[in-house]
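Colleague: output the structure for:
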Amino acid sequence: MPPAASSLAYHEHRELLAAAVDQAIIHHPQLGQLIGPNPFDLIQQNHANHAKFMDNVFFLGNTQLLVKTLPWVYRVYGARGVSMDYFPVELRAWRRAITEQIPDSAAAPLLAVYDWMLDHHNDIIEAANRPEESAAGPAQDGSVLAAFVESLVTGDSTWTDAVTRDYMAAPQDLERFYLEMLDPAMREIGRLWEQARITTAQEHMASSLVIRMMSKAFAKIESPTHPRKRCVVSASPNEHHQIGAWMISDLLEVRGWHTRFLGADTPSEALLATLDDFRPTVLALSVTMSFNLRNTAELIARIRQYAGAWTPRIMVGGRVFQDTPGLAASIGADGEARDAAGACLLAESWFEAGDELD
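Modeller: The predicted structure follows:
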C-alpha cells in the first residue's frame, strides 16, 4: 500500500481526479459500447464512489478491502449492462489523472496499485462471475423466503401484514421474526438488486414494507429496562442504510437495554451530543458502504477524544466488515458484529464482563 504522503495526496486531489476521469470517459470514442444503455450520470457516480473508495483503501492500507470489493463493483455494474471493457479504460484514465495532477514522488506508489488492478482485470471478472448463495439460512425454508421476497418487491402489503401476524403470536417472537424472516429477506433483496433483477424502486419499496412490519411488530413489545444497560445505535455519517441498525436497537430493547436509535446519516455533532446527554454503555455503528470507513474511523477518534473516561465500548457492523478480517480494529472499534444477533450477544458480553459505565 502507498505511504502516508501518497495517501494524503490522493485524498486532497480525489475530486479533481474524478472530474478528470469523467472528462476522459465522456469523450471516449466508444462510450456507448462501454457503458451500454446507462445514462452517463451512473458512470459519473461510479467515478465519485471510486475516488472515495480508493481514498479509504489508501487511508487504511488494507489490500483485502480492495480485493474483496472489486468483484462486487464489476458484478453490480456488469449486471446493468456496463461492458467489462469499461473498467480497464476507466483505470487507465485514473492513471493519467494521477500522473498529471500528483507529483511524481507521491504518484508512483498510487500508480503501482492501479497497475495491479489492470494486471488482474481478468481475475476480477472471474471472481465477479462466481455464483452467490441465496440468503436463506438453516432456519429458513428457501421457498418460504422466496415467496416473502416476492411479496416485498411487488408491494403486497396484505401478504406482508399476514406474515407479521403469523410470526408475532407473542411479544417474545420478535427476535425469531427479525432473524428468521426479515434479516434474510433483506439480504436477498440486496442480492437481487446487485444482479439488477429488481429495480432501485423495488428495493426501496421492499425496505419501506420491512420498516412498516418492524413498526407493527415492535408495537407489541413491553420490556423492562436495566438502568445501566444503555446503548446508542446509529448509522455512520453519510450512511443511508438503516434497517440493520434498527433491528439491533429493537432486539436490544427486548433484552432489557435502554436504547437511542438515531437512524441513517446522523451528523457527527448530533451523535456526540447524544452520547454526552445519554452516557451509553455501548455505541453501535452501522456501516454498509466501504467508502464510509474513513469517515467512521475519524468519528470514532473524535468520540474517544471528546468523551474521555466515559467513552462507551464501540462496536461496528455491516456488510463491509464481513469479508475483511481486522477491518473493525483498524478503524478504532472495540469489536464487530456480523448480524443483529451477534451485535446483541457482543453487547451482553461486554456488560456481563463488567464494562458498563456508571
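Colleague: Ile303 reaches Thr311, doesn't it?
Modeller: Yes - Ile303 lies in contact with Thr311 (Cβ atoms under 8 Å); the separation is 6.4 Å. From N, CA and C alone the C-beta is placed, and that goes for glycine too.
Colleague: more neighbours: which of the two?
Modeller: More crowded of Ile303 and Thr311, by other Cβ atoms under 10 Å: Ile303, with 20 against 16.
Colleague: what's the distance between that one and Leu271?
Modeller: 8 Å (Cβ to Cβ, to the nearest Å).
Colleague: burial count for Asn129?
Modeller: With neighbours defined by other Cβ under 10 Å, the count for Asn129 comes to 12.
Colleague: only alpha carbons, please: show the longest helix that the chain contains as PDB.
Modeller: What stands out as the longest helix in the chain, according to DSSP state H, is helix 4-26. Backbone C-alpha positions of helix 4-26 (Å, rounded to 0.1, in the frame of the first residue of the first chain) are rendered in PDB as follows:
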ATOM      1  CA  ALA A   4       1.200   8.300   4.000                       C
ATOM      2  CA  ALA A   5       2.400  11.100   1.700                       C
ATOM      3  CA  SER A   6       0.800   9.400  -1.300                       C
ATOM      4  CA  SER A   7      -2.400   8.600   0.600                       C
ATOM      5  CA  LEU A   8      -2.700  12.200   1.600                       C
ATOM      6  CA  ALA A   9      -2.100  13.400  -1.900                       C
ATOM      7  CA  TYR A  10      -4.800  11.200  -3.300                       C
ATOM      8  CA  HIS A  11      -7.200  12.400  -0.500                       C
ATOM      9  CA  GLU A  12      -6.500  16.000  -1.300                       C
ATOM     10  CA  HIS A  13      -6.900  15.600  -5.100                       C
ATOM     11  CA  ARG A  14      -9.700  13.000  -5.200                       C
ATOM     12  CA  GLU A  15     -12.400  15.300  -6.500                       C
ATOM     13  CA  LEU A  16     -10.200  16.700  -9.200                       C
ATOM     14  CA  LEU A  17      -9.100  13.200 -10.200                       C
ATOM     15  CA  ALA A  18     -12.700  12.100 -10.500                       C
ATOM     16  CA  ALA A  19     -13.600  15.100 -12.700                       C
ATOM     17  CA  ALA A  20     -10.600  14.400 -15.000                       C
ATOM     18  CA  VAL A  21     -11.800  10.800 -15.300                       C
ATOM     19  CA  ASP A  22     -15.300  12.000 -16.100                       C
ATOM     20  CA  GLN A  23     -14.000  14.100 -19.000                       C
ATOM     21  CA  ALA A  24     -11.800  11.200 -20.300                       C
ATOM     22  CA  ILE A  25     -14.700   8.800 -20.400                       C
ATOM     23  CA  ILE A  26     -17.400  11.100 -21.700                       C
END
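Colleague: for that helix, what is the average pLDDT?
Modeller: The pLDDT scores in helix 4-26 average 96.
Colleague: what segments of the stretch 251-358 of the chain are strands?
Modeller: For the stretch 251-358 of the chain, the strands defined by DSSP state E, counting those that start in this stretch cover 258-261, 282-286, 313-317, 335-337.
Colleague: in contact with His28: list those residues for me.
Modeller: When contacts are counted by Cβ atoms under 8 Å, 6 or more residues apart in numbering, His28 touches Leu34, Val89.
Colleague: counting contacts, what elements does the helix or strand Val210 falls within pack onto?
Modeller: Per DSSP states H and E: Val210 is located in helix 200-218. Packing partners of helix 200-218 (3 or more Cβ pairs under 8 Å, 6 or more residues apart in numbering; DSSP states H and E): helix 142-153, helix 157-167, helix 174-177, helix 183-194, helix 243-254.
Colleague: just say which of those helices is most tucked in.
Modeller: helix 243-254 (a mean of 24; mean count of other Cβ atoms under 10 Å).
Colleague: that helix vs strand 282-286, what angle?
Modeller: 150 degrees (axes from the mean of the first three to the mean of the last three Cα atoms, to 10 degrees).
Colleague: tell me the pLDDT of the most centrally placed residue in the chain.
Modeller: With distances taken as Cα atoms, centre = their mean, Thr288 lies nearest the centre of the chain, 0.5 Å away. Looking at Thr288, its pLDDT is 89.
Colleague: show me what contacts the nearest residue to it once chain neighbours are set aside?
Modeller: Closest residue in space to Thr288, ignoring its immediate chain neighbours: His241 at 4.2 Å, by Cβ to Cβ, 6 or more residues apart in numbering. When the contact criterion is Cβ under 8 Å, 6+ apart, the partners of His241 are Ala235, Ala264, Ser286, Thr288, Met289, Gly318.
Colleague: how about 10 Å then?
Modeller: 186, 190, 207, 235, 264-265, 286-289, 292, 318-319 (Cβ atoms under 10 Å, 6 or more residues apart in numbering).
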